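K.L.:
Got a predicted structure plus its sequence, pasted below:
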Amino acid sequence: MGNPGKEEKNKKKFDVGGQALIEGVMMRSPFRLAMAVRKPNGDIVVEVKEGKPITRKYPFLALPIIRGVVSLIDSLVVGIKSLSYSASLALEEEEEKLSSMDIGISILLALGIFAGLFVALPTFLSSLVDQLISSTFVFNLVEGLIRIGIFLVYLLLISQMKDIKRVFEYHGAEHKAIFTWENGEELTPENARKFTTLHPRCGTNWLIIVLIISIFVFSFLGRPGLVMRIVSRLLLIPLVAGLAYEAIKILSRHQDNRLAYILTLPGLLLQRITTREPDDSQLEVAFAALKGSLGEDYYVAGENQGNS
């Protein structure tokens, strides 16, 4: 099997992203998406889907800020489909194809939980000290710190769950595989082990930057009543998400710059919760997904297979 690293290192002009799944990893390049899942019998099943992201099909959607919002929605849809696929294989259940309505309901449910836990709750809690703080910026800073605190507690709680620990290990495998490829190394466990599980383009970084940027954006709104504060924050989520996306792209390209590194440090530290050190079998799954997304042949159940 060819080396997908050395040959690509100097001519690589695109990023590969991914997502940890249930006993698997999804990888996505600008050309195709690949999901690799380890079944209970030990086999690795890989499914590759050709196709460009929607932002490459429609140039208007690739404009700054807009592309961040589009990428968020696209990631939610793709993520839900990928998790459903991995669950059916990992649990050896018959996969039920998700309808557009199923996906829509799942997205609305996810957004509802996000709105309630990370928008309405911190906004309500900060309103309890409204009369004690005269500065609008300081008031929004307090609300932002409460929001970040709730987010940290949420991550710490779910990280104690056995199944989530496994997902976080695959998250670490995803990052190590991408780092190995980006550095032109052959995709082997030995090479991957020397890289960190903390990646500057991780979605965890994006989330913490969303929380930080929201403090400044919401400060421009003044201090309306509680209901209006909640509504205005919900309406501004797309703008905040788009700004955070642009920030991530800029910062990830300038990691050699000390200021850029400092700005990404909170997200990197947060990944100490959302990623864990993977074992060799999990790295093998991540490699299979990465090779699939790059158009390489991949290894399934001990035999060289074609695209499924």
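P.N.:
On my side now, so go ahead. Computed from a predicted structure; not experimentally measured. Numbers count the residues shown, from 1 in each chain.

K.L.:
drop to CA atoms for contacts and neighbour counts, all remaining ones
P.N.:
OK.

K.L.:
got the residue ranges for the helices in the stretch 151-300 of the chain?
P.N.:
Using DSSP state H, counting those that start in this stretch, the helices found in the stretch 151-300 of the chain span residues 162-182, 189-193, 203-219, 226-252, 258-274, 280-294.

K.L.:
of all these, which lies closest to Lys52?
P.N.:
Comparison of the helices of the stretch 151-300 of the chain against Lys52 by C-alpha to C-alpha identifies helix 280-294 as nearest, at 11.1 Å.

K.L.:
Using CSV, write out every CA atom in the closest one.
P.N.:
Taking Å, rounded to 0.1, in the frame of the first residue of the first chain, the C-alpha atoms of helix 280-294 are listed here in CSV:
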residue,chain,number,x,y,z
ASP,A,280,-3.2,0.8,18.3
SER,A,281,-6.5,-0.7,17.3
GLN,A,282,-8.2,2.7,17.4
LEU,A,283,-5.4,4.3,15.4
GLU,A,284,-5.9,1.6,12.8
VAL,A,285,-9.5,2.6,12.4
ALA,A,286,-8.6,6.3,12.1
PHE,A,287,-6.0,5.4,9.4
ALA,A,288,-8.6,3.5,7.5
ALA,A,289,-10.9,6.4,7.5
LEU,A,290,-8.2,8.9,6.5
LYS,A,291,-7.0,6.7,3.6
GLY,A,292,-10.6,6.4,2.4
SER,A,293,-11.1,10.2,2.5
LEU,A,294,-7.8,10.7,0.5
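
K.L.:
Report the angle between that helix and helix 162-182.
P.N.:
Here the directions of helix 280-294 and helix 162-182 differ by 50 degrees (axes from the mean of the first three to the mean of the last three C-alpha atoms, to 10 degrees).

K.L.:
Which other helices and strands does helix 280-294 contact?
P.N.:
Applying 3 or more C-alpha pairs under 8 Å, 6 or more residues apart in numbering; DSSP states H and E, we find helix 280-294 packed against strand 24-28, strand 32-38, strand 44-50, helix 162-182, helix 189-193, strand 298-300.

K.L.:
Could you check how far the fourth one is from the centre of its chain?
P.N.:
By that I understand helix 162-182. 11 Å (C-alpha atoms, centre = their mean, to the nearest Å).

K.L.:
cool, the second one as well?
P.N.:
Going by C-alpha atoms, centre = their mean, the spacing between the C-alpha centre of strand 32-38 and its chain's C-alpha centre is 16 Å.

K.L.:
Contacts for it next, please.
P.N.:
Strand 32-38 is contacted from outside by 21-28, 44-52, 82, 86, 89-90, 285-286, 288-290, 292-295, using C-alpha atoms under 8 Å, 6 or more residues apart in numbering.

K.L.:
What of the fifth one?
P.N.:
With C-alpha under 8 Å, 6+ apart as the contact definition, helix 189-193 has outside contacts at 176-177, 179-180, 185, 280, 283-284.

K.L.:
how far is the helix or strand hosting Leu145 from where the chain is centred?
P.N.:
Applying DSSP states H and E as the criterion places Leu145 in helix 136-158. Remark: helix 136-158 is offset 20 Å from the chain centroid, using C-alpha atoms, centre = their mean.

K.L.:
Please spell out which residues along that helix are buried.
P.N.:
Within helix 136-158, the residues that qualify as buried are 136-137, 139-148, 150-151, counting by 16 or more other C-alpha atoms under 10 Å.

K.L.:
repeat for stretch 104-115
P.N.:
Of the residues in stretch 104-115, those buried by neighbour count under the rule 16+ other C-alpha under 10 Å are 107, 115.

K.L.:
Count the neighbours of Thr274 for me.
P.N.:
When neighbours are counted by other C-alpha atoms under 10 Å, Thr274 registers 22.
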